[in-house]
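K.L.:
Please work out how this folds:
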Amino acid sequence: AAVAALAEQYPDIKQHLYQEDGSLRSFINVFVGDTNIKKLRGLDTPLSDGAVLMLVPAIAGGTAGGARDGTRAGERVPDTSGTTAWPPAHVTAGDKAKGGRR
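P.N.:
Residues are numbered from 1 along each chain as shown. As a prediction, the model looks like this:
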């Protein structure tokens, strides 16, 4: 229900989360705390109030010579913490059900 509520609030993300048959895309990992829901009950995993969800898409690729931003392996990535990114804030399961953010 929490992932569905996220897709309802941000309709553009739905196609990136779900396959046409309504199942979660295989490269999307959803964690409840530190545990991947694939090791629990999948999208039917119950959430306690205040549970922290994390959606992590699988990431692959890269270049042998370094990143496109000019950094090389082992270099620090520039601080972009002041930029706007999605999601705008962490949302707990309880807060999401109430329509709020933490």
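
K.L.:
Quick one: the strands in the chain, in order.
P.N.:
Counting by DSSP state E, the chain has strands at residues 28-32, 35-36, 53-57.

K.L.:
right, and the ones you listed - which one's nearest Leu17?
P.N.:
Closest to Leu17 of those is strand 28-32 (C-beta to C-beta; 5.7 Å). Just so you know, the C-beta spots here come from the backbone N, C-alpha and C atoms, and that holds for glycine as well.

K.L.:
Need the CA coordinates for that closest one. CSV is fine.
P.N.:
Provided in CSV are the C-alpha atoms of strand 28-32 (Å, rounded to 0.1, in the frame of the first residue of the first chain):
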residue,chain,number,x,y,z
ILE,A,28,13.5,-2.1,-8.0
ASN,A,29,14.5,-3.1,-4.5
VAL,A,30,12.3,-2.0,-1.6
PHE,A,31,13.7,-2.2,1.9
VAL,A,32,11.9,-2.0,5.2
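
K.L.:
Quick one: list the elements packing against it.
P.N.:
Contacts defined by 3 or more C-beta pairs under 8 Å, 6 or more residues apart in numbering; DSSP states H and E place strand 28-32 against strand 53-57.

K.L.:
switch to 10 Å and redo it
P.N.:
helix 2-9, helix 14-17, strand 53-57 (3 or more C-beta pairs under 10 Å, 6 or more residues apart in numbering; DSSP states H and E).

K.L.:
okay if I get those as TSV plus mean neighbour count, mean pLDDT and distance to Phe27?
P.N.:
As requested, the helices and strands packed on strand 28-32 are exported to TSV (neighbours: other C-beta atoms under 10 Å; pLDDT from 0 to 100; distance: least, C-beta to C-beta, whole Å):
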stretch	mean neighbour count	mean pLDDT	distance to Phe27
helix 2-9	15	93	14
helix 14-17	14	92	10
strand 53-57	14	92	6
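
K.L.:
about what we covered before: possible to save the strands of the chain as a markdown table with distance to Pro11?
P.N.:
As requested, those are exported to a markdown table (distance: least, C-beta to C-beta, whole Å):
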| stretch | distance to Pro11 |
| --- | --- |
| strand 28-32 | 16 |
| strand 35-36 | 25 |
| strand 53-57 | 16 |
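
K.L.:
By mean pLDDT, point me to the weakest helix or strand of this protein.
P.N.:
One helix or strand of the chain scores below all others by mean pLDDT, DSSP states H and E: helix 93-98, with a mean of 50.
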